[in-house]
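Novice: Make a model of this:
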Amino acid sequence: MLHSNRRDFLKSSAAATGASLLFGATAGRSAEETKTDSAKAASPFTLATMPRIDVHTHIGNTWKTLDEVMELREAIRQRRDADLAMFFSLGPADPPDMTELAQRYQGRIQFCISDYKLKEGLPFRYSPQELAEWHQKGVVGFKFYPGWNPGIQIDRPSNDPVFSKMEEIGMVAASPHVTNPCGTFGRRTEWFSEPVEFWRQQRAWENVLKRHPRLVVVNAHMLWLCYSDEQLDCLRYMLATYPNLNVDLATTPLFLHAVETENLRAFMIEHADRILFGTDMASSWFVPVLDEKFPNVRDKVPQYQRYFDLLETDQELPSGIKDEHKLRGLALPLDVLEKIYFRNAMRIYPHVADALTRLGYFEQAGTAGARRPSESTQESNVAGNSTNRRFRV
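Specialist: This next block holds a predicted model:
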């Protein structure tokens, strides 16, 4: 069970230190609490200063739109006291001029190349040689979208040369979208009225992973194995079997109400090294109810707050496509949040670690910095961001 006094206890380092002196380092406390305190002592990052990287957005490629993304970043910092340090664009818009992109945003916006025609049964948009050329230009990965149409064969042999080239050059499969949600009996969806095609497509993707074990993958939407406790167990199997497989969280808060809270929290902690923060921002599936109210990119602070609250608090939150369900927040430990928000992206994707270092998030290579770049260590209180709403450690 989640213990509210645990979050109260860990709100300040003074309280944690005092309790250790009074009661000893471990007496009467769980192993997870002890580990959380150790992580807090080892890392100078707080929820306010740690960089967050959204690896799954669909922002456009015009400078006007990308400037609006930077306005959104500043609004989140001012209103929510959180640092969204970097955004990945997964298309379908092609990358802009990569040199100018770097000059304008100093690495805060990264682009992938993308292929959204696979869902129509077409061959890959890019040849193996073209993938290598884009990799050299500095894109962080290749997003492809086989989708969920019946009969789609992502594992057809004609796709193997592309996957083999990606293995060879180290190009990340950036949030490939495989299938769509399909729950257990009584919880089917508009995409799958029965489960057979859903599982056929899951197994087709597993065939790709079997044939290309060096392919580094960050599957979108938790591979859509997130709409029941049983599906989450299947995702456990996939992560245990394929060590280069990772997942992002984009859109999943709409469906995670179907998973028992303690099971989900245990999964997130157990597989913290394999989960990346992503949202589907700038698509219609970020937070649909809020997207209708706040359609402009610069205004999407409430949508991001929904994701932050899921990961950082134990609040009861809306879930479902129409906010018709409830979902309990996970109040994840700080070390887990660091991995999900930025450390896993730094490890998996090219250019990310270098960009964060240049931006000043690390005092030196491999060492975490305790302050935001170019900002005072004296953080002001932000209206609307009361400390009792956030799991601060």
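
Novice: all strands of the stretch 201-350 of the chain, in order?
Specialist: Taking DSSP state E, counting those that start in this stretch to define them, one finds strands in the stretch 201-350 of the chain at 217-219, 245-248, 275-276, 316-319, 325-328.

Novice: Reformat these as JSON lines; add mean pLDDT.
Specialist: Formatted as JSON lines, the strands of the stretch 201-350 of the chain follow (pLDDT from 0 to 100):
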{"stretch": "strand 217-219", "mean pLDDT": "98"}
{"stretch": "strand 245-248", "mean pLDDT": "98"}
{"stretch": "strand 275-276", "mean pLDDT": "98"}
{"stretch": "strand 316-319", "mean pLDDT": "98"}
{"stretch": "strand 325-328", "mean pLDDT": "97"}
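
Novice: would CSV of these with distance to residue 206 and mean neighbour count be doable?
Specialist: The way it works is simple: take the backbone N, C-alpha and C, and place the C-beta from them, glycine included. Putting the strands of the stretch 201-350 of the chain into CSV (distance: least, Cβ to Cβ, whole Å; neighbours: other Cβ atoms under 10 Å) gives the following:
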stretch, distance to residue 206, mean neighbour count
strand 217-219, 11, 25
strand 245-248, 10, 25
strand 275-276, 19, 26
strand 316-319, 28, 18
strand 325-328, 28, 18
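
Novice: out of those strands, nearest to residue 235?
Specialist: Relative to residue 235, the nearest member of those by Cβ to Cβ is strand 245-248, separated by 7.2 Å.

Novice: Which elements pack onto that closest one?
Specialist: strand 217-219, helix 229-241, strand 275-276 (3 or more Cβ pairs under 8 Å, 6 or more residues apart in numbering; DSSP states H and E).

Novice: 7 Å instead, please
Specialist: Packing contacts for strand 245-248, counted by 3 or more Cβ pairs under 7 Å, 6 or more residues apart in numbering; DSSP states H and E, involve strand 217-219, strand 275-276.

Novice: what pairs with the last one, and is each one parallel or antiparallel?
Specialist: According to DSSP bridges, strand 275-276 has the following sheet partners: strand 245-248 (parallel).

Novice: can you give me how far the partner strand is from the chain middle?
Specialist: On the basis of Cα atoms, centre = their mean, to the nearest Å, strand 245-248 sits 9 Å off its chain's mean C-alpha point.

Novice: Pull the residues that contact that strand.
Specialist: 55-56, 175, 209, 217-220, 222-223, 238-239, 274-276, 278, 344, 348 (Cβ atoms under 7 Å, 6 or more residues apart in numbering).

Novice: which regions of the protein sit below the pLDDT cut-off?
Specialist: Along the chain, segments meeting pLDDT under 70 span 1-42, 363-393.

Novice: Tell me who's in contact with the residue most central in space within it.
Specialist: Geometric centre of the chain, nearest residue: residue 277, 1.7 Å, by Cα atoms, centre = their mean. Neighbour list for residue 277: 52-55, 249, 340-341 [criterion: Cβ under 7 Å, 6+ apart].

Novice: Centre of the chain to stretch 261-278, how far?
Specialist: The answer for stretch 261-278 is 11 Å, by Cα atoms, centre = their mean.

Novice: Just the CA trace of the host helix or strand of residue 103, in PDB.
Specialist: Assigned by DSSP states H and E, residue 103 belongs to helix 98-105. Extracted in PDB, the C-alpha atoms of helix 98-105 (Å, rounded to 0.1, in the frame of the first residue of the first chain):
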ATOM      1  CA  MET A  98      19.300  20.700 -38.800                       C
ATOM      2  CA  THR A  99      22.000  23.300 -38.500                       C
ATOM      3  CA  GLU A 100      19.500  26.100 -37.900                       C
ATOM      4  CA  LEU A 101      17.500  23.900 -35.500                       C
ATOM      5  CA  ALA A 102      20.600  23.500 -33.300                       C
ATOM      6  CA  GLN A 103      21.400  27.200 -33.500                       C
ATOM      7  CA  ARG A 104      17.900  28.300 -32.600                       C
ATOM      8  CA  TYR A 105      17.200  25.900 -29.700                       C
END
